[in-house]
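*Asks:* quick one: sequence plus predicted model below, questions after.
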Amino acid sequence: QVQLTESGGGLVHAGESLNLNCAPSQSIFNFIVMAWYRQAPDKQRELVAQIFSSGSRTIPDTINYADTVKGRFTISKDGANNVLSLQMNNLKSEDTAVYSCYMKTGAASEYWGQGTRVAVSS
């Protein structure tokens, strides 16, 4: 069973930054989709950012962002350290949520992290 271990959440003021990390228990190169989702209180879970791995060293991965975070958040995959990151800059109060990482293998097996809380005070 693959485990995804998240870290990096916390309480910050509006305008500040946080970096979230998600470390899978197996090689990150085994996953074709890697993503961060979030769920705010009393709201449905929403996709924040995702990477579709090209599987090729010469073809870049496809990266998508929710409109609400474009230009502020950056998702990245670090193969050397085996971690998926989400750099969040210029945080807003509406970014307050539980953030969860998600990974999917080529065999369509899906895995979720336990979630990490991000709270942004205005």
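*Replies:* Yep, it's here.

*Asks:* from here on, just use CA atoms for contacts and neighbour counts.
*Replies:* Noted.

*Asks:* all strands of the chain, in order?
*Replies:* 4-7, 10-13, 18-24, 31-39, 46-52, 62-65, 73-78, 83-88, 97-105, 110-112, 116-121 (DSSP state E).

*Asks:* I figured Pro24 hits Asn30, correct?
*Replies:* No: here Pro24 lies out of contact with Asn30, judged by CA atoms under 8 Å, at a distance of 9.9 Å.

*Asks:* those two: which has the busier surroundings?
*Replies:* Neighbours around Pro24 and Asn30, counted as other CA atoms under 10 Å, are more numerous at Pro24. The numbers are 23 against 15.

*Asks:* in JSON lines: the strands of the chain, plus mean pLDDT.
*Replies:* Listed next are those as JSON lines, based on pLDDT from 0 to 100:
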{"stretch": "strand 4-7", "mean pLDDT": "95"}
{"stretch": "strand 10-13", "mean pLDDT": "97"}
{"stretch": "strand 18-24", "mean pLDDT": "98"}
{"stretch": "strand 31-39", "mean pLDDT": "97"}
{"stretch": "strand 46-52", "mean pLDDT": "98"}
{"stretch": "strand 62-65", "mean pLDDT": "98"}
{"stretch": "strand 73-78", "mean pLDDT": "97"}
{"stretch": "strand 83-88", "mean pLDDT": "98"}
{"stretch": "strand 97-105", "mean pLDDT": "97"}
{"stretch": "strand 110-112", "mean pLDDT": "97"}
{"stretch": "strand 116-121", "mean pLDDT": "97"}
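
*Asks:* gap between the residue sitting nearest the centre point of the chain and Leu86?
*Replies:* Ranked by distance to the mean C-alpha position of the chain (CA atoms, centre = their mean), the top residue is Trp36 at 2.9 Å. Noted for Trp36: a distance of 8 Å to Leu86, by CA to CA, to the nearest Å.
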